[in-house]
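Asks: Need a 3D model of the following:
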Amino acid sequence: MFFKDPRTFLDELPRFALAAGDVSTLADTAAFRETLLASIAGATRRIYIAALYLQQDAGGAQVLDALYAARARQPELEIAVLVDWHRAQRGLIGKDKSEGNAAWYRAEAERHPGLEVPVWGIPVQTRELFGVLHLKGFVIDDTVLYSGASLNDVYLHVGERYRYDRYHLIRSPELADSLVAFMQHALIEHPAVHRLDRAAPSTREIRGDIRLLRESLRTAAYRCAGAVADHGQLAVTPVVGVGKRNPLNRLIQKLMASSREQLTLCTPYFNLPRPLLGEIRKLLARGVQVDIIVGDKTANDFFIPPDQPFKVIGALPYLYEANLRRFAKAQQHDIESGRLNLYLWNDPGQSYHLKGIWVDRTRMLLTGNNLNPRAFSLDLENGLLLHDPQQVLATQRDAELSAILTHTRRIGHYRELEKLCDYPEPARKLLTRLNRVRADRLVSRLL
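Replies: Just a heads-up that it's a prediction; the model follows:
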């Protein structure tokens with residue numbers, strides 16, 4: 001299957017039929033928050049939420065309060081919140097050690113006796129460093145609200161700062177059922193998965209179960225029974241994967257390779273896996289136009305302003321920029337010819353978290369996958385591939401890309417990007433040490 005022609009591979013994927021009015025693109029972070037809260041308030045049958053984390057802050061509290069209100073209004077609602085097991089039980093990076101969001105979930109459960117909002121911790125690996133739940137998607141009744149965002153102040157634009165992502169509503173009972181079935185049967189029902197709004201076992205106690213969950217996820221897939229869409233109509237294919245050479249990785253590579261005229265790619269961290277870099281170079285050699293939109297290092301969620309105390313994690317944005325500079329230098333002739341457009345996104349004070357791929361105006365991938373080595377080998381990831389052969393979503397597509405490009409500038413020459421000697425001293429020293437022992441490659445794979 002891996003060696004099958006990319007377009008044949010994509011044409012043979014199972015897919016759920018959609019009408020033009022079934023897909024809506026939300027304009028911004030505030031619209032995402034408002035739509036999510038309104039959808040929860042209007043739910044009649046089920047609410048399933050999958051995100052890396054639901055944070056104890058004002059934004060996270062709005063979501064959890066809305067879920068408890070929905071439960072009080074309709075006790076028969078199916079409600080499940082799925083978050084990463086490890087991320088939920090630690091404090092924020094650089095902050096004091098704490099029990100994390102799990103302590104908040106338990107406190108809220110005690111504050112709402114008789115109203116259950118189950119929060120399930122999903123342990124994708126025995127240690128967070130080696131894999132997390134990066135599954136995305138909010139299913140409310142028969143609608144899927146899909147975004148790479150997690151749930152906290154900046155992702156929901158509560159306050160002055162926001163973290164920019166993509167946001168799409170897809171009305172499809174079949175797609176919603178498929179995503180819910182996976183969350184129920186592949187995750188919630190597994191012995192390794194426990195509720196965090198109650199007392200839970202330690203990771204050590206369930207280590208064996210976690211290994212079994214990891215193994216089972218390698219072959220788990222979304223159910224696509226009844227996916228009978230005609231290849232000439234608008235449709236969607238859900239894909240999930242974990243570990244090397246998984247179905248989502250294969251889909252992403254085939255999708256890129258299928259491009260004949262134009263490819264657009266968004267990633268918050270320029271740290272593409274080697275196979276994807278190879279596909280980009282092949283496309284450029286074939287004359288395909290490639291547009292890559294990445295965040296400026298100052299728009300990275302790990303960026304630490306030079307006037308603040310430096311932490312090791314603050315070196316990452318510089319590492320990603322160094323990757324981008326090397327790539328731009330190697331492809332400078334394509335930049336000058338216009339075949340390659342590198343755009344840096346920067347809205348001062350805000351951060352950038354967009355992921356996704358657009359191919360030839362006929363296919364679009366919605367995903368939380370960062371398109372980096374960690375996503376391709378460690379984390380549990382998913383994506384929704386929209387097939388649009390008649391380009392019925394062209395207006396939405398163009399509007400979304402236009403909005404994304406609003407705060408960008410095109411890199412005309414690789415020298416426009418800073419080099420190692422330009423970086424603040426703490427970052428420069430750390431990256432120099434990493435380069436000396438080639439540890440930067442290991443860091444790139446894990447973070």
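Asks: Endpoints of stretch 329-342, how far apart?
Replies: Using CA to CA, to the nearest Å, the end-to-end distance of stretch 329-342 comes to 12 Å.
Asks: Do you know the pLDDT at the closest residue to residue 40 other than its chain neighbours?
Replies: Leaving aside its sequence neighbours, residue 40 sits nearest to residue 66 (CB to CB, 6 or more residues apart in numbering; 4.4 Å). Any C-beta I mention is one placed from the backbone N, CA and C, and that applies to glycine too. At residue 66, the model reports a pLDDT of 98.
Asks: May I ask which helix or strand encompasses residue 66?
Replies: Assessed by DSSP states H and E, residue 66 sits inside helix 58-73.
Asks: Check the burial of the residue nearest to residue 40 by counting its neighbours.
Replies: Residue 66: 19 surrounding residues under other CB atoms under 10 Å.
Asks: Tell me which stretches of the stretch 151-300 of the chain form strands.
Replies: 163-164, 167-171, 194-195, 235-241, 262-267, 289-295 (DSSP state E, counting those that start in this stretch).
Asks: of all those, which lies closest to residue 106?
Replies: Closest of the strands of the stretch 151-300 of the chain to residue 106 is strand 194-195, at 9.5 Å (criterion: CB to CB).
Asks: Pairing partners for that closest one, with directions?
Replies: Paired with strand 194-195 in the same sheet, following DSSP bridges, are strand 119-122 (antiparallel).
Asks: Let me know the average pLDDT across the strand it pairs with.
Replies: Rounded mean pLDDT across strand 119-122 is 98.
Asks: now the helices for the stretch 51-200 of the chain?
Replies: Per DSSP state H, counting those that start in this stretch, the stretch 51-200 of the chain carries helices over the ranges 58-73, 101-111, 153-156, 173-181.
Asks: Tell me which of these is the most buried.
Replies: helix 153-156 (a mean of 24; mean count of other CB atoms under 10 Å).
Asks: Redo the strands of the stretch 151-300 of the chain as CSV? Include mean pLDDT and distance to residue 417.
Replies: Formatted as CSV, the strands of the stretch 151-300 of the chain follow (pLDDT from 0 to 100; distance: least, CB to CB, whole Å):
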stretch, mean pLDDT, distance to residue 417
strand 163-164, 97, 21
strand 167-171, 98, 29
strand 194-195, 98, 45
strand 235-241, 97, 32
strand 262-267, 98, 16
strand 289-295, 98, 11
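Asks: Spatially central residue in this protein, please.
Replies: Closest to where the C-alpha atoms of the chain average out (CA atoms, centre = their mean) is residue 368, at 1.6 Å.
Asks: tell me, how many neighbours does residue 142 end up with?
Replies: Using other CB under 10 Å, residue 142 is surrounded by 16 other residues.
Asks: surely it meets residue 176?
Replies: Yes - if you go by CB atoms under 8 Å, residue 142 and residue 176 touch, sitting 4.9 Å apart.
Asks: Only the buried residues of the helix or strand that contains residue 33, if you could.
Replies: Element membership of residue 33, judged by DSSP H and E, is helix 29-42. For helix 29-42, the neighbour count (16 or more other CB atoms under 10 Å) marks 29, 32, 33, 35, 36, 37, 39, 40 as buried.
Asks: again, but for stretch 281-290
Replies: Under 16+ other CB under 10 Å, the buried positions of stretch 281-290 are 281, 283, 284, 288, 289, 290.
Asks: cool, and stretch 121-130?
Replies: 121, 122, 123, 124, 125, 126, 128.
Asks: End to end on it, go ahead and measure it.
Replies: For stretch 121-130, the first-to-last residue distance is 16 Å (CA to CA).
Asks: got it, and stretch 278-296?
Replies: Terminal residues of stretch 278-296 lie 23 Å apart, using CA to CA.
Asks: Check which helices and strands the helix holding residue 66 is in contact with.
Replies: Helices and strands touching helix 58-73, by 3 or more CB pairs under 8 Å, 6 or more residues apart in numbering; DSSP states H and E, are helix 29-42, strand 46-50, strand 78-84, helix 101-111, helix 153-156.
Asks: pLDDT of the last one, averaged?
Replies: Same thing as helix 153-156. Averaging the model's pLDDT scores along helix 153-156 yields 98.
Asks: Counting by contacts, list what that helix packs against.
Replies: On a contact count with 3+ CB pairs under 8 Å, 6+ apart, helix 153-156 meets helix 29-42, helix 58-73.
Asks: The longest one now?
Replies: In terms of contacts (3+ CB pairs under 8 Å, 6+ apart), helix 29-42 is packed against helix 58-73, strand 137-140, strand 143-147, helix 153-156, strand 167-171.
Asks: relative to strand 46-50, how tilted is the first one?
Replies: Translated: helix 58-73. Between helix 58-73 and strand 46-50, the angle comes out at 160 degrees (axes from the mean of the first three to the mean of the last three CA atoms, to 10 degrees).
Asks: Centre of the chain to helix 58-73, how far?
Replies: Distance of helix 58-73 from its chain centroid, counting by CA atoms, centre = their mean, to the nearest Å, is 23 Å.
Asks: what does it contact?
Replies: Here helix 58-73 makes contact (CB atoms under 8 Å, 6 or more residues apart in numbering) with 33, 36-37, 40-41, 43, 47, 49, 54, 77, 79, 81, 101, 105, 108, 112, 115-117, 151-159.
Asks: where does the stretch 301-447 of the chain have low pLDDT?
Replies: The model of the stretch 301-447 of the chain has pLDDT under 70 over residues 436-447.
Asks: rerun at 90
Replies: 306-307, 310-313, 426-447 (pLDDT under 90).
Asks: Look at the nearest residue to residue 419 once chain neighbours are set aside and give its secondary structure.
Replies: In this structure, residue 419 finds its nearest non-sequential neighbour in residue 325, 6.5 Å apart by CB to CB, 6+ apart. Using DSSP: H, G, I helix; E, B strand; the rest coil, the structure places residue 325 in helix.
Asks: which ones are touching residue 325?
Replies: 414, 417, 418, 419.
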